[in-house]
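Engineer: Structure of the sequence below:
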Amino acid sequence: MSRLGLEIGTVVRHKDRMWRVAGLESAACRGPRIWLAEADDSGDLAVFDLTALLSDPSFGLPDGGPRLRVPQLGLLSTVSEEQRWRAFSIERHVREVETGCAAPGDSTPHDPRYDPASTTLAEREQAKADELTSAGWTHVSRATVRRWRARYRAGGVWGLVPKRRGATLLGRADPQVVEALRALLREEALRSRSRGWKKRMRRQTQWWLQERHGAGTVEVPAQSSFNKLLDSVEESLGLEGTVTQRRARAARPAPPFTPTVALRPGELVMLDSTPLDVLVMLDDGVVGRLEQTVALDIATRSLWGCCVLRAPN
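Structural biologist: Numbering: from 1, shown residues only. Below you'll find the model as predicted:
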């Protein structure tokens with residue numbers, strides 16, 4: 001079963017009682033909180049600190065399934081509304097194929113075509129492909145539904161968002177060829193490009209690979225495929241444009257940070273300090289400056305703490 005996200009309507013278990021998620025809040029002043037209502041509609045309502053609740057061993061799914069995680073709202077905010085809508089739509093279809101229930105709060109399948117008790121997974125995948133094709137979705141087959149399930153299992157809703165074609169091409173390419181192109185393009189960026197420079201780059205790439213790995217060890221793609229890969233590597237390095245623009249970008253130092261993904265509160269916390277333009281008289285009579293330190297949780301995008309420390313002049 002795919003890893004489920006924590007969202008409104010999800011039925012959970014906490015201290016041998018069944019609850020339904022009624023609300024989520026990400027407040028900068030006190031951190032993320034969650035509202036839980038009794039699943040039997042008795043009217044009981046409880047408020048918990050989200051970090052502490054997810055760390056509680058008694059908290060989880062009713063059937064003892066995989067642990068819940070925070071919705072990937074930070075990553076999803078970087079794509080368009082249309083892409084988010086499509087990703088959430090595919091998520092509901094994937095859930096229906098795997099569990100028989102599209103909504104997180106449902107416990108009984110509504111459509112007999114997706115009932116795990118009477119159908120196989122292959123039959124449910126084919127039924128979903130037929131349903132979406134009839135609804136007007138294009139290029140949806142059983143293999144497509146299977147790929148959706150794999151991407152959702154690996155990356156949640158973010159895995160269902162289409163990525164840039166250039167990144168996919170780089171992922172499929174031989175890493176040794178990509179390494180050679182990155183090394184050669186940084187040198188090429190400082191020179192003017194004449195007609196046929198891509199053919200010259202292919203020859204130089206072949207020589208570069210032969211020198212380091214031996215003749216015939218690494219094969220360079222055909223010219224048409226090489227040109228597409230060359231454009232993708234050039235775009236990833238930010239070396240498009242005029243000679244002046246390429247030289248300016250090539251002179252930049254390598255960035256110190258890499259993209260990160262955090263799925264649970266406290267998994268990754270970012271700290272930052274900055275001196276304040278304030279002088280204070282300390283207890284020992286020494287004049288010092290104040291330094292403000294902030295802790296920001298990456299998964300929930302909330303402010304965990306802010307303190308002011310003493311920093312000497």
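Engineer: Would you verify that G136 is located in a helix?
Structural biologist: No - counting by DSSP: H, G, I helix; E, B strand; the rest coil, one finds G136 to be coil, located in no helix.
Engineer: How many residues are close by it?
Structural biologist: By other C-beta atoms under 10 Å, the residues close to G136 number 7. Every C-beta, even on glycine, is put in place using the N, C-alpha and C of the backbone.
Engineer: likewise A180?
Structural biologist: So A180, with other C-beta under 10 Å, has 24 neighbours.
Engineer: The one helix or strand it maps to - contacts with which helices or strands?
Structural biologist: Taking DSSP states H and E as the definition, A180 sits inside helix 175-188. Under the contact criterion of 3 or more C-beta pairs under 8 Å, 6 or more residues apart in numbering; DSSP states H and E, helix 175-188 touches helix 197-213, helix 223-237.
Engineer: can you give me the strands in this structure?
Structural biologist: Using DSSP state E, the strands found in the chain span residues 11-14, 17-27, 31-38, 45-49, 269-281, 287-297, 302-312.
Engineer: Endpoints of stretch 184-202, how far apart?
Structural biologist: The first and final residues of stretch 184-202 sit 10 Å from each other (C-alpha to C-alpha, to the nearest Å).
Engineer: any idea of the mean pLDDT for that stretch?
Structural biologist: Mean per-residue pLDDT for stretch 184-202: 75.
Engineer: Tell me which of the strands of the chain lies nearest to A135.
Structural biologist: Closest approach to A135 among the strands of the chain (C-beta to C-beta): strand 11-14, 28.1 Å.
Engineer: Off-centre distance for the closest one?
Structural biologist: Distance of strand 11-14 from its chain centroid, counting by C-alpha atoms, centre = their mean, to the nearest Å, is 26 Å.
Engineer: got it, and stretch 40-57?
Structural biologist: 26 Å.
Engineer: how about it: buried residues?
Structural biologist: 48, 50-51, 53-54 (16 or more other C-beta atoms under 10 Å).
Engineer: orientation of the helix holding A180 relative to helix 197-213 in degrees?
Structural biologist: Angle of helix 175-188 versus helix 197-213, following axes from the mean of the first three to the mean of the last three C-alpha atoms, to 10 degrees, is 120 degrees.
Engineer: Between helix 223-237 and helix 175-188, find me the angle.
Structural biologist: On the basis of the same axes, to 10 degrees, helix 175-188 is oriented at 70 degrees to helix 223-237.
Engineer: What are the phi and psi values at the nearest residue in space to E219 that is not next to it in sequence?
Structural biologist: Closest residue in space to E219, ignoring its immediate chain neighbours: D174 at 7.7 Å, by C-beta to C-beta, 6 or more residues apart in numbering. When read as degrees, to the nearest 10, the backbone of D174 gives phi -70, psi 120.
Engineer: D174 is in contact with S225, isn't it?
Structural biologist: No - at 10.9 Å, D174 and S225 do not qualify as touching, with contact defined as C-beta atoms under 8 Å.
Engineer: in the stretch 101-250 of the chain, which ranges drop under the pLDDT threshold?
Structural biologist: Applying pLDDT under 70 to the stretch 101-250 of the chain picks out residues 103-107, 109, 163-171, 189-194, 238-243, 246-247, 249-250.
Engineer: 80 instead, please
Structural biologist: 101-110, 154-156, 158, 162-173, 185-196, 216, 234-250 (pLDDT under 80).
Engineer: related to what we said a few turns ago, okay, buried residues for the helix holding A180 please.
Structural biologist: 176-178, 180-181, 184-185, 188.
Engineer: Quickly name whichever of these is closest to R95.
Structural biologist: The closest of those, once distances to R95 are taken by C-beta to C-beta, is V178, at 36.3 Å.
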